[in-house]
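[1] Sharing a model that was predicted from the sequence below.
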Amino acid sequence: MAAPSREELLREEDEAVARAAIESDDPEELAQVARRVPTINEAPLLALAAKLDAVKCCQWLLAQPDVDPNLGKRKTTPICAAAAAGAGRAVEALLRDGRANPNAARMDGVTPLLIATQQRHLSVVRQLLLDRRTRCNSRAIYPLRITPLLLALRSGSPEAVHMLLDLGRDLDLAQNHYQRDSPLQIARDLGCSPSIERMLLDFEATGAVHADLARYLHLDEDPAAAAAALATAGTTKAMAAAAAAAAAGTGAEARLPDRRLPP
């Protein structure tokens, strides 16, 4: 096996300096080597800085004219890497810059909003939803054709469901069906909390939810209030059908498999 060349050794040294600078969030140190090593293991420096929430390095890199904020290894853009890691400061810096595409999907179709929702990085979910460019109904390609709302239902997170319904400007329940089942039916099949079911009922009826999440969460602590809030003919019938399906060994697992998106 041939010994590394001088050029290879110098690059390894520069990569080590760049990685250490990003890990310590030191843009002055990063500036010394960034032009010589724009990538580490094929990933742009901005993607690594975003993943590690090195916000000072992110800001410095974004200010460089030759840095593309939408370039990533295997289409994993810096904002997608940051969203997967829950790197909220980096997400904020990328969105504020204005050039990073919040809807840029990985090769498997996973968008920043999808992966942040699955990982339950709620502050990042909120940041993305507050950006007017973010699309809420995008589906992953693999392993499931699933939307952020469906992921929130599967995780049983009232907070994530509420954020999507309240802040998702283009959220359309008709675009969030899975194998012909509506989000409301899926929530019932999965045994989601009364708060989630009530949110979906409100959104179906009015296209909106109450901005105050507490108005829903109290239903999870008060069975009588939950029963009253959900006491409609359609709800009772659907809940009975879901119970029968569960007793027969069918339902949630078959309708919405618990297969996670790669982080």
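    Thanks, I have it. Residues are numbered from 1 along each chain as shown.
[2] my read: residue 211 touches residue 166, true?
    Yes. Assessed by Cβ atoms under 8 Å, residue 211 is found in contact with residue 166 at 6.1 Å. In short, each C-beta sits where N, CA and C put it, glycine included.
[3] So those two - more neighbours on which side?
    residue 166 (18 against 9; other Cβ atoms under 10 Å).
[4] what's near enough to touch the more buried one?
    Contact analysis of residue 166 by Cβ atoms under 8 Å, 6 or more residues apart in numbering lists 208-209, 211.
[5] Sitting in strands, which of these do you find?
    Using DSSP state E, no member of the contacts of residue 166 falls in strands.
[6] Out of those residues, which comes closest to residue 35?
    residue 211 (47.6 Å; Cβ to Cβ).
[7] okay, now residue 229: neighbour count?
    Residue 229 has 19 nearby residues by other Cβ under 10 Å.
[8] Touching, it and residue 194? I think so.
    Yes. With contact defined as Cβ under 8 Å, residue 229 counts as touching residue 194 (6.8 Å).
[9] What lies in contact with stretch 4-19?
    Contacts of stretch 4-19 (Cβ under 8 Å, 6+ apart): 29-30, 32-34, 36-37, 40, 45, 48.
[10] ok, now with 7 Å
    29-30, 32-34, 36-37, 40, 45 (Cβ atoms under 7 Å, 6 or more residues apart in numbering).
[11] Restricted to buried residues, select these in PyMOL.
    A single PyMOL command selects the buried members of the contacts of stretch 4-19 (16 or more other Cβ atoms under 10 Å):
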select buried, resi 29+30+33+34+37+40+45
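[12] Point out the ones among the contacts of stretch 4-19 that are inside strands.
    Mapping the contacts of stretch 4-19 onto strands (DSSP E) picks out residue 40.
[13] out of the contacts of stretch 4-19, which one sits closest to residue 199?
    residue 45 (41.0 Å).
[14] The residue nearest the centre of the chain sits in which helix or strand?
    Centroid-nearest residue in the chain, with Cα atoms, centre = their mean: residue 116, separated by 2.3 Å. Assigned by DSSP states H and E, residue 116 belongs to helix 112-118.
[15] now that helix, how far from the centre of its chain.
    1 Å (Cα atoms, centre = their mean, to the nearest Å).
[16] wait, doesn't residue 111 sit right on residue 103?
    Yes. Using Cβ atoms under 7 Å as the test, residue 111 is close enough to residue 103 to be in contact (5.6 Å).
[17] shared neighbours of the two, anything?
    With Cβ under 7 Å, 6+ apart as the test, residue 111 and residue 103 both reach residue 138.
[18] what about those two, which has more around it?
    residue 111 (27 against 17).
[19] Tell me who's in contact with the more buried one.
    If you count contacts by Cβ under 7 Å, 6+ apart, then residue 111 has 103, 105, 138 around it.
[20] Could you do residue 85 as well?
    Per Cβ under 7 Å, 6+ apart, neighbours of residue 85: 51, 53.
[21] Apply 10 Å and report the result again.
    Contacts for residue 85 (Cβ atoms under 10 Å, 6 or more residues apart in numbering) come out as 50-53, 91, 115-116, 119, 121, 124, 263.
[22] what distance separates stretch 133-149 from the middle of the whole chain?
    In terms of Cα atoms, centre = their mean, the centre of stretch 133-149 is found 9 Å from the chain centre.
[23] swap that for stretch 211-226, sorry
    In this view, stretch 211-226 has its centroid 25 Å away from the chain centroid, taken as Cα atoms, centre = their mean.
[24] distance between stretch 197-205 and the chain's centre?
    On Cα atoms, centre = their mean, the centre of stretch 197-205 falls 22 Å from the chain's centre.
[25] I'd like the mean pLDDT over stretch 228-241, please.
    Averaging pLDDT along stretch 228-241 yields 58.
[26] What ranges does the protein have for its strands?
    39-40, 43-44.
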